[in-house]
Each structure stands twice: as structure tokens, then as C-alpha cells.
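> Attaching a predicted model along with its sequence, questions to come.
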There are 2 protein chains.
Amino acid sequence: MTQHSHQTAPTQFVEANGIRFAYRRFGKAGEVPLVFNQHFTGTMDHWDPAVTDGFTKSREVILFNNAGVSSTSGEVPTTFEEMGANAVAFIKALGLKQVDVLGFSIGGFVAQEITLHAPELVRRLILLGTGPRGGEGMQGGTPEGNSIFGATNDPPDHLWLSVFFTPSAASQAAGCEFLKRFHLRSTNRDPEVNDKVAPAQRAAIAQWATPRERPYEYLKAIKQPTLVVNGSNDVIIYTMNSYILQQNLPNAELIIYPDSAHGSHHQYPGLFVRDVSAFLSANSVWPA
Amino acid sequence: MTQHSHQTAPTQFVEANGIRFAYRRFGKAGEVPLVFNQHFTGTMDHWDPAVTDGFTKSREVILFNNAGVSSTSGEVPTTFEEMGANAVAFIKALGLKQVDVLGFSIGGFVAQEITLHAPELVRRLILLGTGPRGGEGMQGGTPEGNSIFGATNDPPDHLWLSVFFTPSAASQAAGCEFLKRFHLRSTNRDPEVNDKVAPAQRAAIAQWATPRERPYEYLKAIKQPTLVVNGSNDVIIYTMNSYILQQNLPNAELIIYPDSAHGSHHQYPGLFVRDVSAFLSANSVWPA
């Protein structure tokens, strides 16, 4: 049987909750699979092959579009709680009893909701460039983020150089390498999301961002070993939110990479795969 | 030639700045040696063999007592700047042109001063359970730290269970394992420090802790790749200070381990050696 890669894995479909979920699944079977939850308006093609393929020597990766996104049917819910419930339905529809869950940016909000909704389903958790409910700088978005998402980019993809990378020469150079990788898959790409996706995801973000009493208390319910990762200068979801996650989760490690922003895994894909693999592979997560 | 270990390495002496420095040097020669800077009132015997021996397969480790501490002659200076200058003199007296520097707790203050004083001497830096000048909770010491250091312990070594470990059962169990390792060396141990050491080190801490304008600006001058490591719940030098170090150093990565305190490397020595070795070994420190 052919070993598929990020570039060749066929888009498959599975039905659950009345939604036809598009997904791709590739890598070495046997270990607990790693399920990826994507950022704002992103599709399966917005993942970085240097990251996804980096894991496939030792485990299966599963990419999917949540309800209403790109090749998946249905509508985008306006709460992360519902997105989490849909993701749980998707994972169970694949017949999986236990998975590792990675969430990037708002995908990290979904990953937290998956874990709260179905704790028995989640073995370990990776929260990447993300934050807690009611986190710092979330309400109304950060000034830097609003400026970045409000700007016009030519070509449009250059948006990601500002969202994911710092202004430094080294970070921007890494960004250009990422943009090349991002276009490598030439066949059977996901359609870009329709016009309803961004407003629905924004409504969910606004609800997630709302200030509340003891906002981080809910994190105590996430008992899974968790690796929190971010860049040093994330201006989309402030890096401080990664520190807050680590401090309030009962069982979490934090890694912050230097001179990097919201997309630190796009800047240091080799390092990220090495660190996450070490976290996922250890029998005892944090061995003495 | 016998390969020495933490337990067998003889105490040697070298003279510089009018001080007779006691040191131990062991491990595989060839790579850049790693120089350890010790915590408040600690001697060479306060290092953890699970850490020091953990490095010796791939590099030399150098333990030493700074001026006035235990088997080293002279007096403890009342500033970290002078301690850093003494450490530089010691390293140069060994004929070394370049070293990696690790500093734990107030040893991390010394490590910063070494790097500022002799930047050409330092290849990479590890700042462990430490913080910047004028860091949070430093002035007058933290309430938790003052309570811990003010308590009576029977046996006295149990002090380190409170200083280095969290109250959790897992952390305390790791602490008991550390205390066993701490006593393993049976011959040629360092004498405990004399009564002048603590007051002089306290005076230096008070000066380091003094609030000042733009306290973290000086960190911009430390260009070396730096790995900042701490436990999630350091109450001696608050964990937030490790975040502040990472945010203000130009080229630093941060790792925070779960359910751990000031002595996270004593709790997770295997993990710590793995992470620091990866940081020290890579040709390009943070490879793409």
C-alpha cells in the first residue's frame, strides 16, 4: 500500500451529526493519531507540509475541515462549544477511541472544547498560538491583529507573512519558505472558504473573548498532559495567553520560541516536530 | 585515563584575581565545556549528579565555587557584577577561550554578569530558575521564600524539599529522590559555607532586586542564544521572571515544566538534560 503524504493524501469523507466531513489521513499507523484543528478561515491546505509530513514517520496525522468550512458540508456554528461537539462527532465517526489533539489559533479553542466535551477521547493536547476564554487582548481583537487583517495584500497570500511571522529579516525569510510549501500541493486542493465562514467564526471569537469572572477556572477540568507552544511575539493572540494557559492548566508544559510570532511552527517546523514528537512519544510524558 | 563522574571527580584548584578557585571538571572532552553557577549558599556538592553526569556523554562539565564559597578562598563580593568578574577570571585561568554557561537561581544572576562582562567568552547561556535585575517579587524576597527560609527543618536538608519542589505528592517524591542523590558523593566533599557567605550573597541580592527605570533594558546586550528554564510554580524567584527574561532577551527560548518549582531540573533531570543537550548540540540553535 502506498504511503501517502501531505501532497498526495486523498480527500475522504465521513458523515456525522448530519455533516459530511472532509478529511485526509496519512502517516504510519499504530500510534495514537494526531488530529489537527485549523486557524481562522483556514482549510486543510493551510497546514504546513513540513509539519504534517514531519510527524508521519512515527504516527498518523488527520487533517479535517470542521462544519461549514471548505469541502465540509453544513454551517459554521457561532460558538466554539458547538465546533468542539462537531469535531468530537467527526473523530468518533472514524471509529477512533483515543486521539491526540492539536489546535492552532482558534483551532486551539476548538481543541479545548473537544477535551472538555469528550475527555475520554483525548490522550494528550497541543495548544499552539492560542489562549484561554477571556484571554488578554482578545476582546475586539488586538490592535496589531486588526491592522494586519484590515490591510490589503498583493499577492493576497502575503497576509500570512504579517499574521504568522515577525518583521525581522530572519522571520520574514522563513515566511517566504513557508509560502512556497503552502502552494506545493498541486492536485485536489481544498476550495477556499465561502463568505459565511469568517463572520460566523468572528461571532464565535467574540463570545470566547468576552471578559468574565475567574475566566481561567474552566482550565482546571483539562487534566490531559498538554504542551503549550507559541512564538515570542504573537500579536494575533498575545503570547502572554500561552503563559496563562500553562499557569492554569493542571498538567502543562510551555515552550516559547525566539523571534517568532503567531506561526512559530511555520518558522521552526523541524524544531516544532521534534519537540511535539518528544512530548507525544514518551511513555511517561514528563519523565524524571 | 579514567573517566571521572560527579562522585569521583577530584577537587582541583586554579589561581586568578588573587583567589584560589576550587573546581571539578569531568565528562567527554572536545565540545565546548559547560560551566555551572550555583545557587544561594550552595557548594559544588549541591549540584545534582543526575544532571551533571547526564551531560558527560557528550561534553565536559565544570563545577566551581566562586570567591569565598566553601573550598574557594577569598570573600564573597556584595555585587553580582563582581561575582561575574571573578567567574570570568576563573574561566580564563583554565585557559578556555569559549564556554557555555549555566546559572541556577542567583547563579543565573552571575551567569548574566559573566555574559555582559565577557561576551566573547560565552557561546550559549542557560538561565535556570532565575530572573532579571529588578524582577518581580525580588525586593525583600517573596513572602513564600521568606517563610521557607525562615522555617526550621529536621533534618536540615528538608529545607530543599520546600525550596525546590511543589507541595504535590509527585513533586515531593521527586524531592526525596533528589535528596538521596545529593548525598551520594561520599569522599572529598566540599565543606559547607561559612557564616559570612549568606549575608554577603543577601546584600548582592538586595542590590540586584532594587527597582529601577526600564529594568530589563540591559538584557538587550545579551545576544547569545539563551535557553530559559523554570518550574511552573517557582515561589523563590517567581516563574513570571523567566517569562520576562525570554521576552526581553533578543534570542531566547523559554521552557516551563508542569507542577514544579525552583528546582525543576532536580524534579525532571532526564528531561532537563535532554532539552539542554538539544539546545547546546544543534549547529544552528533553532533550526528551521
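Looks like it arrived, so ask away.

> contacts, neighbours, all on C-alpha from now
Fine.

> SS state for A:Asn230?
strand (DSSP: H, G, I helix; E, B strand; the rest coil).

> and it, what does it touch?
A:Leu128, A:Gly129, A:Thr130, A:Thr239, A:Ser242, A:Ile255, A:Ile256, A:Tyr257, A:Ala261, A:His262, A:Gly263, A:Ser264 (Cα atoms under 8 Å, 6 or more residues apart in numbering or on different chains).

> State the phi and psi torsions of A:Ala22.
Dihedral angles of A:Ala22 (phi, psi; degrees, to the nearest 10) stand at phi -90, psi 140.

> how many other residues sit next to A:Pro119?
17 (other Cα atoms under 10 Å in any protein chain shown).

> Oh, that last question was meant for A:Gly150, not what I typed.
So A:Gly150, with other Cα under 10 Å, has 10 neighbours.

> pLDDT score assigned to it?
For A:Gly150, the pLDDT comes out at 94.

> Look up how far B:Leu280 lies from it.
According to Cα to Cα, to the nearest Å, A:Gly150 stands 41 Å off from B:Leu280.

> if we can go back for a sec, out of the contacts of A:Asn230, list just those in strands.
Among those, the members falling in strands are A:Leu128, A:Ile255, A:Ile256, A:Tyr257 (criterion: DSSP state E).

> quick one: the first one and A:Val110 touch, right?
No: the pair formed by A:Leu128 and A:Val110 falls short of the contact definition of Cα atoms under 8 Å, at 11.7 Å.

> In the stretch 51-200 of chain A, which residue sits closest to chain B?
A:Ala174 (7.8 Å; Cα to the nearest Cα).

> Skip the chain neighbours and tell me the closest residue to that residue.
A:Gln267 (5.4 Å; Cα to Cα, 6 or more residues apart in numbering or on different chains).

> Need phi/psi at that neighbour.
phi -80, psi -40.

> ok, now which ones touch A:His266?
Here A:His266 is in contact with A:Asp48, A:Val51, A:Phe164, A:Ala174, A:Gly175, A:Phe178 (criterion: Cα under 8 Å, 6+ apart).

> my bad, should have said A:Ala111
Residues counted as contacts of A:Ala111 (Cα under 8 Å, 6+ apart) are A:Asn37, A:Gly84, A:Val101, A:Leu102, A:Gly103, A:Leu125, A:Leu127.

> State whether it is indeed within a helix.
Yes: A:Ala111: assigned to a helix according to three-state DSSP.

> how about the residues of chain A near chain B?
By Cα under 8 Å from any Cα of the partner chain, the residues of chain A that approach chain B are A:174, A:232, A:243, A:246-247, A:250-259, A:267-271, A:286-288.

> Can you say which of those are buried?
A:174, A:232, A:243, A:246-247, A:250-259, A:267-271, A:286 (16 or more other Cα atoms under 10 Å in any protein chain shown).

> residue closest to the middle of chain A?
A:Phe104 (2.3 Å; Cα atoms, centre = their mean).

> check contacts around that one.
With Cα under 8 Å, 6+ apart, A:Phe104 has these contacts: A:Phe36, A:Asn37, A:Gln38, A:His39, A:Leu127, A:Leu128, A:Gly129, A:Thr130.

> I'd say the second one and A:Ile62 touch.
No: counting by Cα under 8 Å, A:Asn37 stays clear of A:Ile62, with 9.3 Å between them.

> Can you tell me the closest non-neighbouring residue to A:Leu121?
A:Gln98 is the one closest to A:Leu121 (Cα to Cα, 6+ apart), at 4.6 Å.

> Tell me who's in contact with the one you found.
By Cα under 8 Å, 6+ apart, the neighbours of A:Gln98 are A:Val32, A:Pro33, A:Glu120, A:Leu121, A:Val122, A:Arg123.

> now do A:Thr115
A:Thr115 neighbours (Cα under 8 Å, 6+ apart): A:Leu121, A:Val122, A:Ile222.

> What is the neighbour count of the last one?
The number of residues packed around A:Ile222, counting by other Cα under 10 Å, is 20.

> Same check on the second one?
When neighbours are counted by other Cα under 10 Å, A:Val122 registers 24.

> tell me the phi and psi of it?
phi -110, psi 120.

> Need the pLDDT of it.
With respect to pLDDT, A:Val122 has a value of 98.

> Skipping its backbone neighbours, what lies nearest A:Gly18 in space?
A:Gly74 (7.9 Å).

> contacting residues for A:Ile222?
So A:Ile222 contacts A:Gln112, A:Thr115, A:Leu116, A:Pro119, A:Leu249, A:Pro250 (Cα under 8 Å, 6+ apart).

> will you turn those into CSV that also has secondary structure and pLDDT?
Shown next, in CSV, are the contacts of A:Ile222 (DSSP: H, G, I helix; E, B strand; the rest coil; pLDDT from 0 to 100):
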residue, secondary structure, pLDDT
A:Gln112, helix, 98
A:Thr115, helix, 98
A:Leu116, helix, 98
A:Pro119, helix, 98
A:Leu249, coil, 98
A:Pro250, coil, 97
